[in-house]
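Student: I'll drop the sequence and a predicted model, then ask my questions.
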Amino acid sequence: MSAEIIDGKALAATFRGQIAEEVSQLKNEKNIIPHLTAVLVGDDPASAVYVRNKQRACEKAGIQSTLKRLPAETSEAELISIVESLNADPGVHGILVQLPLPGHIKETAILDVVNPLKDVDAFHPENVGLIVQGRPRYLPCTPYGIQQMILSTKMETAGKHAVILGRSEIVGKPMAMLLIQRGLGADATVTICHSRTQNLNKIVKTADIIIAAIGKPEFVTAEMVKPGAIVIDVGINRVDDRLVGDVDFEGVKEVASAITPVPGGVGPMTIAMLLKNTLTAARIQSDSN
Ligand SMILES: NC(=O)C1=CN([C@@H]2O[C@H](COP(=O)(O)OP(=O)(O)OC[C@H]3O[C@@H](n4cnc5c(N)ncnc54)[C@H](OP(=O)(O)O)[C@@H]3O)[C@@H](O)[C@H]2O)C=CC1
Ligand SMILES: Nc1nc(=O)c2c([nH]1)NC[C@@H]1CN(c3ccc(C(=O)N[C@@H](CCC(=O)O)C(=O)O)cc3)C=[N+]21
């Protein structure tokens with residue numbers, strides 16, 4: 001039996017349609033146009049692709065988007081002062097500092113400075129804390145998108161074993177927080193694996209839900225997957241100019257019950273959730289004025 005392919009591109013288009021409608025309502029009712037500013041330091045080619053995709057999606061949804069491109073040599077102090085000026089600009093509702101930053105800039109030094117109300121990535125410690133306590137202001141875009149994809153399968157998550165590969169602040173760790181929360185699309189029992197995990201294959205084999213976010217091409221193979229599992233592939237790896245995920249798609253789709261492709265899976269949903277957070281940011285800021 002071949003797995004259901006979860007079409008992230010199509011699901012993202014549905015979300016973006018709904019967001020576009022709400023953006024136009026906000027404009028008509030309050031004369032507010034949500035505005036996202038992305039900051040890109042250096043010219044990492046992969047980041048440039050994401051930034052371009054985000055900008056195009058914003059335009060199509062009626063969200064204003066600005067890209068601040070800064071040279072790789074930008075100092076930490078300069079970047080902090082740029083973020084502070086965006087914080088102070090009432091016309092900017094969402095701020096996204098593209099990661100990774102060049103090695104001489106400490107990421108937390110920058111993320112800590114972003115006004116938490118404008119933090120559409122949900123990386124600021126205040127927003128992370130709110131998520132951990134189960135009262136989120138914003139949900140981090142990639143885990144949020146993944147939760148929506150799992151919900152779209154209508155498969156039960158309550159009481160199921162979810163195994164997450166990767167413990168990054170941007171995917172693995174917040175994903176675990178969302179999956180252990182009480183409620184719809186959650187209530188799972190969660191295990192997080194990382195590069196020091198022993199018996200990783202054995203743990204993964206017990207998973208009802210696998211989330212692969214390690215950045216290793218086709219790491220998860222069919223032998224590691226319990227028949228009927230849901231497999232979410234977050235990985236974006238370039239191999240011989242081809243984009244491949246962290247999952248061996250062709251092999252795993254024969255054992256899983258549902259699987260996300262790369263490209264056309266988690267990536268487009270991440271962007272759709274970024275637009276959703278930007279809309280929420282504009283609403284929150286208009287209410288607090
Ligand atoms: N589609 C999307 O929207 C997004 C895609 N991505 C992609 O997802 C992937 C992961 O990115 P990100 O979350 O930033 O993670 P990082 O690259 O920051 O970290 C990788 C994680 O994987 C773990 N890891 C690495 N190798 C192994 C291994 N052999 N076995 C077990 N664990 C391992 C590391 O463990 P340790 O901590 O011990 O080093 C670490 O926790 C990348 O391909 C990235 O491009 C990322 C964000 C969004
Ligand atoms: N502050 C910050 N926030 C992020 O959310 C963030 C970040 N930094 N740094 C990098 C990662 C990665 N990421 C992706 C977003 C969209 C696609 C995406 O659109 N992918 C498409 C196509 C990609 C392509 O063609 O290259 C797809 O998978 O179908 C991928 C990856 C967000 N990230």
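Tutor: Here it is on my side, so go on. Ligands and ions are numbered 1, 2, ... in the order given.

Student: Relative to ligand 1, how far out is the residue sitting nearest the centre point of the chain?
Tutor: When CA atoms, centre = their mean is applied to the chain, the residue found nearest the centroid is Thr142 (1.6 Å). Thr142 sits 4 Å away from ligand 1, going by CB to the nearest ligand atom, to the nearest Å. The C-beta positions use only the backbone N, C-alpha and C, and glycine is treated the same way.

Student: Where does this structure get nearest to ligand 2, which residue?
Tutor: Closest approach between the chain and ligand 2, counting by CB to the nearest ligand atom: Gly267, at 2.3 Å.

Student: if we can go back for a sec, what sits against the residue nearest to the centre of the chain?
Tutor: Going by CB atoms under 8 Å, 6 or more residues apart in numbering, Thr142 touches Ile170, Val171, Met175, Ala213, Val234, Val266, Met269, Thr270, Met273.

Student: still on that earlier bit, what about the residue of the chain closest to ligand 2, neighbour count?
Tutor: Residues within reach of Gly267, counting by other CB atoms under 10 Å, total 24.

Student: The strand or helix carrying it packs against which elements?
Tutor: If you go by DSSP states H and E, Gly267 is part of helix 266-287. Applying 3 or more CB pairs under 8 Å, 6 or more residues apart in numbering; DSSP states H and E, one finds that helix 266-287 makes contact with helix 8-30, strand 35-41, helix 45-61, strand 94-97, helix 141-152.

Student: what about the second one, near ligand 2?
Tutor: No: Strand 35-41 lies out of reach of ligand 2 by CB under 6 Å from any ligand atom, never closer than 8.1 Å.

Student: That strand pairs with which strands?
Tutor: Strand pairing for strand 35-41, using DSSP bridges, gives strand 64-70 (parallel), strand 94-97 (parallel).

Student: Looking at the contacts of Thr142, point me to the pair that's furthest apart.
Tutor: The distance between the two most remote of those (CB to CB) is 15.3 Å, for Ala213 and Met273.

Student: Check the gap between the residue nearest to the centre of the chain and Leu178 for me.
Tutor: Counting by CB to CB, to the nearest Å, the separation of Thr142 from Leu178 is 10 Å.
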